[in-house]
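>>> Sharing a model prediction with you, sequence too.
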Amino acid sequence: MTNDKAPEFDLQRPLTSAISVIRAVLFSPRTFYSNLEVDGPMREPAVFALLVGAVSGVLGAAVALTSNVLFGDFDAGDLRAALVGAVLFAVLSPVGVGVTAAIYLVSIRTFVGKVAGFVEVYRMAAYAASVLVFAWIPVLGAFAFTYALMVLMGLGIRSAYKTSFITTVTTVFVGFVPVASILVWVAINEVAL
C-alpha cells in the first residue's frame, strides 16, 4: 500500500478529475479505497455522482431512442420519455447514493460498531458509483450495480475500518440486500409504466 492520496473529484477540474477517479476506481479499486480519505467533504462526491449519473442517463436515453428508431416505433412520446428518464437518472443519482449510504451505515454500525458517519459512507458509495458509466448498457448495468454494491463497498469498508474478511462480507451482504431490492422494485415499476 502506498501513502498517496486517492484521486478525488475536484469542482475546479470536473472533467479531468472525474476521469481520474473513474479510472482509479475501475482499474485499481483496492489501491483507490486503501488511499481514500473517508473524512472529507460530501459536496464533491455528490456532484461526482450527479455528473456520472448525467452521462449514464444521456447514454441510456440514446440507446433507448436508437432502439426505437431501429425497430420503427419512434414518436414524440418516446423522445419525451427518454429525456425525462435521463434527467431523472442524473438528478436522482446523488439521492440514490445517499439512500445506499444510509443503508450501509446501518449495516456498518451493526456489524463493525459506531465507527462510521454518514458522510464517510456517502463518500465511499459516491465513488463506487463510478460504475454508473456502464449502467446504460443493457444487462451489463445490473452487473455494474452489483459490483459497486458488493465489491467496491466491501473494499471501502475493509480499508476504512480494518475489518476482517467475514465481517466485511456480512456487512456488505446485509447492506446489499435492501439496496438491491429497492433497485429491482424501481426497475419493475419502470417497466410496468
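Arrived safely, thanks for sending. Values in this document were obtained by computation on a predicted structure and should not be read as measured data.
>>> Which positions within the longest helix along the chain qualify as buried?
Longest helix in the chain by number of residues (criterion: DSSP state H): helix 76-111. Neighbour counts using 16 or more other CB atoms under 10 Å place 78, 81-82, 86, 89-90, 92-94, 96-98, 100-108, 111 of helix 76-111 among the buried residues. C-beta here means a position set from N, CA and C on the backbone, and glycine is covered the same way.
>>> what does stretch 47-55 give?
Of the residues in stretch 47-55, those buried (16+ other CB under 10 Å) are Val47, Phe48, Ala49, Leu50, Leu51, Val52, Gly53, Ala54, Val55.
>>> I'd like the distance between the first one and Phe71.
Taking CB to CB, to the nearest Å as the measure, Val47 and Phe71 are separated by 36 Å.
>>> now swap in the last one and tell me
In this structure, Val55 lies at 25 Å from Phe71, with CB to CB as the measure.
>>> Which secondary structure state does the residue nearest to the spatial centre of the chain sit in?
A centroid search over the chain (CA atoms, centre = their mean) returns Ala129, at 2.0 Å, as the residue closest to the centre. Recorded secondary structure, Ala129: helix (DSSP: H, G, I helix; E, B strand; the rest coil).
>>> residues contacting the residue lying closest to it once chain neighbours are set aside?
Nearest residue to Ala129 in three dimensions, chain neighbours excluded: Ala49, at 4.8 Å (CB to CB, 6 or more residues apart in numbering). Ala49 sits next to Ser93, Pro94, Gly96, Val97, Ala126, Ala129, Leu132 when contact means CB atoms under 8 Å, 6 or more residues apart in numbering.
>>> pLDDT score for Ala49?
Looking at Ala49, its pLDDT stands at 95.
>>> low-scoring stretches of the chain, by residue?
Regions of the chain meeting the criterion pLDDT under 70 cover residues 1-3, 190-193.
>>> How much space separates Tyr104 from Val119?
Going from Tyr104 to Val119 by CB to CB gives 13 Å.
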